[in-house]
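**Student:** Output the structure for:
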Amino acid sequence: AVQHPPLPRQENGIQPLHSTLQALQEKRSLLENHVREGFVTHGYDMEYLANANQFFGDNLVAALQLGNLSYLDTEMEWLRTLLNVHHLPEHALTSYLTLYADALRNHLGESANPILEWMAVSRW
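**Tutor:** Numbering: from 1, shown residues only. Take a look at the predicted model:
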């Protein structure tokens with residue numbers, strides 16, 4: 001049997017990323033529904049939200065699998081471009097990430113901490 005090294009722990013060493021990954025995979029549809037409901041409330045165009053959710057969710061899963069959320073930094077510019085190309089306001093990405101963070105807190109609890117920490121220091 002092939003033995004894979006364990007995923008790296010967060011810098012604080014408290015919570016391994018694999019538990020965050022597992023929680024995200026189990027509740028991803030709930031997170032995306034939460035964001036969708038928020039977008040409706042803000043009156044944003046829903047046509048491209050599915051693409052944004054797919055892109056961000058897939059990249060979030062990949063970064064967690066690779067054990068380093070900073071990999072998301074290079075991918076976020078594409079998400080900003082997607083939202084802007086489709087004539088969403090400049091603050092749409094910030095609103096999207098705020099809604100996603102709310103969803104993480106509501107549905108993942110403490111398992112969301114590594115992602116929330118990345119969001120807190122991210123320039124997005």
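**Student:** Give the buried residues for the helix or strand bottoming out on mean pLDDT in the chain.
**Tutor:** Lowest by mean pLDDT, DSSP states H and E among the helices and strands of the chain is helix 72-85, with a mean of 79. Going by neighbour count (16 or more other CB atoms under 10 Å), the buried part of helix 72-85 is 72, 76, 79, 80, 82, 83. All C-beta atoms are positioned from the backbone trio N, CA, C, and that covers glycine.
**Student:** dump the residue contacts of the third one.
**Tutor:** Taking CB atoms under 8 Å, 6 or more residues apart in numbering as the contact definition, residue 79 lies against 52, 55, 56, 93, 96.
**Student:** How about the last one?
**Tutor:** Contacts for residue 83 (CB under 8 Å, 6+ apart) come out as 48, 52, 92, 93, 96.
**Student:** mind redoing it with 10 Å?
**Tutor:** 44-45, 48-49, 51-52, 89-93, 95-96 (CB atoms under 10 Å, 6 or more residues apart in numbering).
**Student:** Run through the protein and note the low-pLDDT ranges.
**Tutor:** The model of the chain has pLDDT under 70 over residues 1-16, 45, 123-124.
**Student:** Pull the distance from stretch 53-70 to the chain's centre.
**Tutor:** 7 Å (CA atoms, centre = their mean, to the nearest Å).
**Student:** can you count the residues close to residue 121?
**Tutor:** 9 (other CB atoms under 10 Å).
**Student:** That one and residue 70 touch, don't they?
**Tutor:** Yes: the pair residue 121 / residue 70 is scored as a contact, 9.3 Å apart, by CB atoms under 10 Å.
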